[in-house]
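Asks: Give the three-dimensional model of this entry:
(chains A and B)
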Protein chains: 2
Amino acid sequence: MDAWEGYLENHKDRFLAELFDFIRIPSVSAQPEHSEDVRRAAVWVKERLDRAGLENAEVMATGGHPVVYADWLHAGKDKPTVLIYGHFDVQPADPLELWHTSPFEPTLKDGIIYARGASDDKGGMLTSIIGAEAILKTVGRFAVNLKFCYEGQEEIGSPELGPFLMANKDKFACDVIYSADGLQWSNTESMIVLGLKGLAKLELSVKGPASDLHSGLHGGVLQNPLEALAKILASLRDNEGKIVVEGFFDDVLDPSQAEREDIANIPFDEEAYRKELNVPSFFGEPGFSTRERNWIRPTLDINGIWGGYQGGGSKTVIPSEAHAKITCRLVANQDPNKIVAALKNHIEKHTPAGVRVTMKGQGSATPFYIPAEHPGNILAKEILTELYGKEPYYTRLGGSIPISGFFKRAIGADMIGFGWSLASENLHAPNEFFPVENFYRGQKGYCMLLERLGEIKL
Amino acid sequence: MDAWEGYLENHKDRFLAELFDFIRIPSVSAQPEHSEDVRRAAVWVKERLDRAGLENAEVMATGGHPVVYADWLHAGKDKPTVLIYGHFDVQPADPLELWHTSPFEPTLKDGIIYARGASDDKGGMLTSIIGAEAILKTVGRFAVNLKFCYEGQEEIGSPELGPFLMANKDKFACDVIYSADGLQWSNTESMIVLGLKGLAKLELSVKGPASDLHSGLHGGVLQNPLEALAKILASLRDNEGKIVVEGFFDDVLDPSQAEREDIANIPFDEEAYRKELNVPSFFGEPGFSTRERNWIRPTLDINGIWGGYQGGGSKTVIPSEAHAKITCRLVANQDPNKIVAALKNHIEKHTPAGVRVTMKGQGSATPFYIPAEHPGNILAKEILTELYGKEPYYTRLGGSIPISGFFKRAIGADMIGFGWSLASENLHAPNEFFPVENFYRGQKGYCMLLERLGEIKL
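Replies: All right, here's what the predicted structure looks like:
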């Protein structure tokens, strides 16, 4: 047994009590009345880093909620620098009436901690600090230089994080990042997330006649903006579900055969999923499985449409305007701004005669991809295999997390998920929970990671 | 000069004073607080018919606002029966602040009467009673049997008129109807309206997943209801503007070459019209002119669409539902219910995989057509040519007026427009007006009509 294992065991109760203290600070970043609580949480983290034996801990101003920094830089200049990321802000607790316990008073029941932030991400980020403390107090040093960056605005999309990192490039410079804000597959199976999607947004307005018109007086003579909108929207994908916007797939990084096999080997009860969604059948891009469509293929969704009369009964009107909102989830190496331009170009070409179209678009998240062979992933795989007694799955996420993009752009380093939450733990919903077992496993995981970082070749 | 011309001249001032009295009754059928005023107007009309020398005048209950009946049936059983139609209810006066004069206190200025109902239809319907009085007091008799039907619910769509006529078929039995609620082309040019459109309505809902879904977690795997709706709506017409719903044109009565030439000969400043609508170009069914598209061709319009997120910013949602409202304006001899069935059939066939569609449809007005050669129209043409010093235009209306359909179904008689309003007289808007000149011309027109009805062969 490693010395740090004994240390974790001996301080088990203290660590749990610390997590409870941490949770009791209602650091809700979305609600201005909790801004001071977010700040208190930052101070709590800074002091906890001090107590762990880490150095230069400080609460840094960002213009919004603060960032907490600390480091340990004694491995030597020739050694890599690894940054650990996490966040101490939490989602709002509303709707309060749906909670079975008080959201900011952690309740331990049958080995499960119920509280807002227990899983996302106070439990997770604390495992990384505890791991560092256990190694420092037993081994006494790290094989690499370490930096810690915990932020207080993740749950509101980290609006100031990008500019803050740009302004503090040197301070946060590193070779690779491990994020303590990450997911595992289940309580018994682990995963390594290789890809996250980017996001491009487009809002579209079709303008016809100067005002709403009587369909009797003016019917038949002009293009109806609602019909023009329908024609435009219907032109974006073919009837089989393939996106036919010119240039859309140009930069898509095709998955290797091995990656597709990895995905196919992950258990998936499609019929249960179809029933959960309550759709008559799945539908999507030909040539790809349901999971591949969500994980490794870019998607295009109309998120909202409106125009004309929406009330009861009927109104014989030719509306003056029609509107739609569209978003695309992108995969590596698509450029969100290039995709916005491609969409605009397509829509201009497919706008029927007799109406005018205006568009407002924005690339809002860069897709992220990190190969399974990345040295950081190889180490993660080794540790997860030991921790869970089984190799991790290589997965992707259909969603977008802008953080990794901010670090990539400012620092140039890739981010590897190394956290302990499960998607099923009501992360953004009432009755969030986190099994104590995973809190302990996470501490062990970070000890193993911090102890072995010297092995990786970056 | 005919004797009735002298009679009209001698009683000119009285007739104008009567119109003013009639207008002062605020008989707004849409507003319950004016129900008693509608009834007062009915009594006023009944007494006016008595004074004109007509017989059996009575206010008849309909379940809603009343109908006023009168007759003169002494031409003999072998002679045709002609029914005169008009309405004594008016539109609401709101918004009051936009009126320059009091809406129910008629104001005469520069030969124009400003008041609610002056044109639609108190001025018009009174010309028919005055005409009958003038003939009776001078000629002493009519060459045909006459019936009069004035109603008090035209401005709310005559909801009880259909059942009322069905229940009183014999009383209102006639060979042809002239409507004193009709339009002329301009102050110097007349018209005969040969066609009115029917109406079919359809409301459509597309249902996808059981609830709104996160486009990251579930993107790419299922049919988006908004996109499915767009595909369905885009399938109803081809890119050139031709409706491609199977069976849609089956019963369309094609206009004769002569009718198309009549339409082409009516002055039309298309460029001014385009500028008024402020559209970059016209758009409609290939092979037909702008006016033909509105007047003689059936149309299909999407009146409203909605679904998903319509607020500020973006929301990465795959909505659970999408909705649309559609109406079709129909021409003779399309059957509104058959068209609803054709639309439903088309939509079922064009619903993409992965969603469910529900529809609710209703045929709501039968198209109306009366040929220029109808004996009643030939007489109307002769009179209008004399009155205006120029032949009338043969026009159509893109809109629907259910009244003619109610009479056609219950009585089997066609209705010919013989009224004096202009579309420009703010009929349903503030500052409605009616030139005194047209009030006089209308009286003359009805004298000519009632004097010559014996000439027509029905």
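
Asks: Excluding residues flanking it in the chain, which one is nearest the residue of the stretch 201-350 of chain A found nearest chain B?
Replies: Going by C-beta to the nearest C-beta, chain B is nearest to A:Gly216 of the stretch 201-350 of chain A, at 2.7 Å. Where C-beta positions appear, they are placed from N, C-alpha and C, glycine not excepted. Closest residue in space to A:Gly216, ignoring its immediate chain neighbours: B:Gly399 at 2.7 Å, by C-beta to C-beta, 6 or more residues apart in numbering or on different chains.

Asks: Just the element for that neighbour, please.
Replies: B:Gly399 belongs to no helix or strand when elements are defined using DSSP states H and E.

Asks: Hmm, it is touching B:Leu196, no?
Replies: Yes. Contact criterion C-beta atoms under 8 Å: B:Gly399 and B:Leu196 qualify, at 6.9 Å.

Asks: Neighbour count: the two, which is higher?
Replies: B:Leu196 (29 against 18; other C-beta atoms under 10 Å in any protein chain shown).

Asks: which residues touch the more buried one?
Replies: Contacts for B:Leu196 (C-beta atoms under 8 Å, 6 or more residues apart in numbering or on different chains) come out as B:367-369, B:396-397, B:399-401, B:404.

Asks: what's across from the closest residue to A:Asn168 other than its chain neighbours in the sheet?
Replies: Spatial nearest neighbour of A:Asn168, chain neighbours left out: A:Met60 (7.6 Å); criterion: C-beta to C-beta, 6+ apart. On the basis of DSSP bridges, A:Met60 takes part in beta bridges with A:Val67.

Asks: Can you give me the neighbour number for A:Met60?
Replies: Neighbour tally, A:Met60, other C-beta under 10 Å: 15.

Asks: cool, and A:Ala3?
Replies: Using other C-beta under 10 Å, A:Ala3 has 14 neighbouring residues.

Asks: Ok, A:Met1 next?
Replies: If we define neighbours as other C-beta under 10 Å, then A:Met1 has 6 of them.

Asks: quick one: A:His350 and A:Ser235 touch, right?
Replies: Yes. Applying C-beta under 8 Å as the test, A:His350 and A:Ser235 come out as touching, 4.3 Å apart.

Asks: From B:Ala342, how far off is A:Met448?
Replies: 69 Å (C-beta to C-beta, to the nearest Å).

Asks: Centroid-nearest residue for chain A?
Replies: For chain A, the residue nearest the mean C-alpha position is A:Ile401 (3.0 Å; C-alpha atoms, centre = their mean).

Asks: And the pLDDT for the one residue in the stretch 301-450 of chain A that gets nearest to chain B?
Replies: Nearest residue of the stretch 301-450 of chain A to chain B, counting by C-beta to the nearest C-beta: A:Gly399, 2.7 Å away. If you check A:Gly399, the pLDDT there is 84.

Asks: do the same with the one 4 residues further on
Replies: Residue-level confidence at A:Ile403 comes out at 91, pLDDT.

Asks: How about it: what's its closest non-neighbour residue?
Replies: A:Ser158 (5.8 Å).

Asks: what secondary structure does that neighbour sit in?
Replies: The three-state label given to A:Ser158 by DSSP: H, G, I helix; E, B strand; the rest coil is coil.

Asks: these two touch, right, it and A:Glu151?
Replies: Yes. A:Ser158 lies in contact with A:Glu151 (C-beta under 8 Å); the separation is 6.5 Å.

Asks: which of these two has more neighbours?
Replies: A:Glu151 (32 against 25).

Asks: part of a strand, is A:Val82?
Replies: Yes. Using three-state DSSP, the assignment for A:Val82 is a strand.

Asks: show me the residues around it that make contact.
Replies: Applying C-beta under 8 Å, 6+ apart, the residues near A:Val82 are A:144-147, A:174-178, A:453.

Asks: Please name the residues that touch A:Leu199.
Replies: Applying C-beta under 8 Å, 6+ apart, the residues contacting A:Leu199 are A:327-330, A:336, A:363-365, A:400, B:316.

Asks: ok, of those residues, which one's closest to B:Ser421?
Replies: For the contacts of A:Leu199, the closest approach to B:Ser421 (C-beta to C-beta) belongs to A:Thr327, at 51.8 Å.

Asks: just to revisit the earlier point, and for the residue nearest to the centre of chain A, nearest residue in space, chain neighbours not counted?
Replies: A:Leu196 (5.3 Å).

Asks: One more: A:Glu240?
Replies: A:Pro286 (5.0 Å).

Asks: Report pLDDT for A:Pro435.
Replies: 98.

Asks: Show me the domain layout of chain A.
Replies: A:3-196+A:367-455, A:198-252+A:298-365 (automatic domain parsing).

Asks: do you know which of those lies nearest B:Leu165?
Replies: For B:Leu165, the closest of the domains of chain A is domain A:198-252+A:298-365, at 23.4 Å, according to C-beta to C-beta.

Asks: First residue to last residue on the closest one, what's the distance there?
Replies: This stretch, domain A:198-252+A:298-365, spans 5 Å end to end (C-alpha to C-alpha, to the nearest Å).

Asks: and what of stretch A:302-313?
Replies: Stretch A:302-313: ends 26 Å apart by C-alpha to C-alpha.

Asks: what phi and what psi does the backbone show at the closest residue to A:Lys390 other than its chain neighbours?
Replies: Computed as C-beta to C-beta, 6+ apart, the closest residue to A:Lys390 that is not its neighbour in sequence is A:Glu189, at 6.3 Å. Note on A:Glu189: backbone dihedrals following degrees, to the nearest 10 are phi -130, psi 140.

Asks: which residues in chain A form helices?
Replies: Applying DSSP state H to chain A gives helices spanning A:3-10, A:12-23, A:35-52, A:124-138, A:161-167, A:169-172, A:225-234, A:257-264, A:270-277, A:290-295, A:336-349, A:375-388, A:402-411, A:436-452.

Asks: Only C-alpha atoms, please: export the last one in PDB.
Replies: Only the C-alpha atoms of helix A:436-452 are listed here, as PDB (Å, rounded to 0.1, in the frame of the first residue of the first chain):
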ATOM      1  CA  VAL A 436     -19.200   9.100  -1.000                       C
ATOM      2  CA  GLU A 437     -17.600   6.000  -2.600                       C
ATOM      3  CA  ASN A 438     -16.900   8.200  -5.700                       C
ATOM      4  CA  PHE A 439     -15.500  11.000  -3.500                       C
ATOM      5  CA  TYR A 440     -13.000   8.500  -2.100                       C
ATOM      6  CA  ARG A 441     -12.200   6.900  -5.500                       C
ATOM      7  CA  GLY A 442     -11.600  10.400  -6.900                       C
ATOM      8  CA  GLN A 443      -9.100  11.200  -4.200                       C
ATOM      9  CA  LYS A 444      -7.300   7.900  -4.900                       C
ATOM     10  CA  GLY A 445      -7.400   8.700  -8.600                       C
ATOM     11  CA  TYR A 446      -5.800  12.100  -8.200                       C
ATOM     12  CA  CYS A 447      -3.100  10.600  -5.900                       C
ATOM     13  CA  MET A 448      -2.300   8.100  -8.700                       C
ATOM     14  CA  LEU A 449      -2.300  10.800 -11.300                       C
ATOM     15  CA  LEU A 450      -0.100  13.200  -9.400                       C
ATOM     16  CA  GLU A 451       2.300  10.400  -8.400                       C
ATOM     17  CA  ARG A 452       2.700   9.100 -12.000                       C
END
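
Asks: just the angle between it and helix A:375-388, please?
Replies: With axes from the mean of the first three to the mean of the last three C-alpha atoms, to 10 degrees applied, the angle from helix A:436-452 to helix A:375-388 works out at 140 degrees.

Asks: now the longest one
Replies: Compare the direction of helix A:35-52 with that of helix A:375-388 by the same axes, to 10 degrees and you get 80 degrees.

Asks: burial measure for the residue of the stretch 201-350 of chain A closest to chain B, as a count.
Replies: The tally of other residues near A:Gly216 (other C-beta under 10 Å) stands at 22.

Asks: Could you pull up the residues touching it?
Replies: Residues in contact with A:Gly216 (C-beta under 8 Å, 6+ apart) are A:316, B:197, B:329, B:397-400.
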